[in-house]
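Peer 1: 3D, please:
(2 chains)
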Amino acid sequence: EAGVAQSPRYKIIEKRQSVAFWCNPISGHATLYWYQQILGQGPKLLIQFQNNGVVDDSQLPKDRFSAERLKGVDSTLKIQPAKLEDSAVYLCASSERGPGGGPEETQYFGPGTRLLVL
Amino acid sequence: GDSVTQMEGPVTLSEEAFLTINCTYTATGYPSLFWYVQYPGEGLQLLLKATKADDKGSNKGFEATYRKETTSFHLEKGSVQVSDSAVYFCALSSSNDYKLSFGAGTTVTVRA
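Peer 2: Below you'll find the predicted structure:
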């Protein structure tokens, strides 16, 4: 079974530029998550989709970050304009969760995109 | 809100040594508890999990027991190998909204 795919793996941009990350979850997984992992910290949830609807985006800096999940499958996360403090690893995860899902459900993570803002 | 506190690193061990990484949590209700591992250059992988009190999760020689009375989920391995060098994250999934909350991670280096 293919895992969660992410691209690009690395990106270097200058502040105020724009950047986009792509994620393809495990086939059939209903829920998709984007996390931000700053060096030395644990991942922090940015946004959660259930199929193509947003479940939680309370931690997403909406003045500069946006995300969409097209047709309930692939997802893109965009930053515009980027700031120095956005330097981090952006992780995408998916879980199978359907209506019967619960706290015990496992999230499967992609390899991440390492962003450096100069 | 729900939170996880785990032992700060880095931790450096010799091969075949005993490893313990402490993890405590604060949560309402009955969360599920996880240990994830991040090998160099790779994404997070689930190492083990426990979904109710007194459950023991185990995988690859690692074990952790869900202790409700001490709100803990400490990770242990009896004899580490160089290949166990990684960053280990304790996490909980809230029983209210199923969100994952992670600890800060503990970097473990095993020397031959």
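
Peer 1: nearest residue to the residue most central in space within chain A other than its sequence neighbours?
Peer 2: When C-alpha atoms, centre = their mean is applied to chain A, the residue found nearest the centroid is residue A:34 (2.3 Å). Closest residue to residue A:34 apart from its sequence neighbours, by C-beta to C-beta, 6 or more residues apart in numbering or on different chains: residue A:46 at 4.5 Å. C-betas here are computed from N, CA, C, even on glycine.

Peer 1: How about residue B:92?
Peer 2: Per C-beta to C-beta, 6+ apart, closest to residue B:92 is residue B:31, 4.3 Å.

Peer 1: quick one, phi psi at the one you found?
Peer 2: Torsion angles at residue B:31 (phi, psi; degrees, to the nearest 10) stand at phi -70, psi 160.

Peer 1: Check residue A:25 too.
Peer 2: The phi/psi pair for residue A:25 (degrees, to the nearest 10) is phi -80, psi 180.

Peer 1: I figured it hits residue A:2, correct?
Peer 2: No. Using C-beta atoms under 8 Å, residue A:25 makes no contact with residue A:2, being 9.9 Å away.

Peer 1: Which one's more surrounded, those two?
Peer 2: The neighbour comparison of residue A:25 against residue A:2 (other C-beta atoms under 10 Å in any protein chain shown) goes to residue A:25, with 28 against 8.

Peer 1: Checking the residue nearest to the more buried one when sequence neighbours are not counted next. Helix, strand or coil?
Peer 2: Among residues not flanking residue A:25 along the chain, residue A:94 sits closest, at 3.3 Å (C-beta to C-beta, 6+ apart). Look at residue A:94: counting by DSSP: H, G, I helix; E, B strand; the rest coil, its state is strand.

Peer 1: Quick check: the gap between residue A:94 and residue A:5.
Peer 2: With distances taken as C-beta to C-beta, to the nearest Å, residue A:94 is found 10 Å from residue A:5.

Peer 1: repeat for residue A:82
Peer 2: Counting by C-beta to C-beta, the gap from residue A:82 to residue A:5 is 23 Å.

Peer 1: who's more crowded, those two?
Peer 2: Set residue A:82 next to residue A:5 and count neighbours by other C-beta under 10 Å: residue A:82 wins out with 23 against 14.

Peer 1: So, low pLDDT: which residues of chain A?
Peer 2: For chain A, the stretches with pLDDT under 70 are A:1, A:98-101, A:103.

Peer 1: now the strands for it?
Peer 2: Ranges of strands within chain A are A:5-7, A:10-13, A:19-24, A:31-37, A:44-50, A:53-56, A:65-69, A:75-79, A:88-95, A:108-109, A:113-117, based on DSSP state E.

Peer 1: And for residue B:79, the neighbour number?
Peer 2: Residue B:79: 11 neighbours (other C-beta under 10 Å).

Peer 1: touching chain A at all, stretch B:58-68?
Peer 2: No. Applying C-beta under 8 Å from any C-beta of the partner chain, one finds stretch B:58-68 separated from chain A by no less than 11.2 Å.

Peer 1: Fine by me, thanks again.
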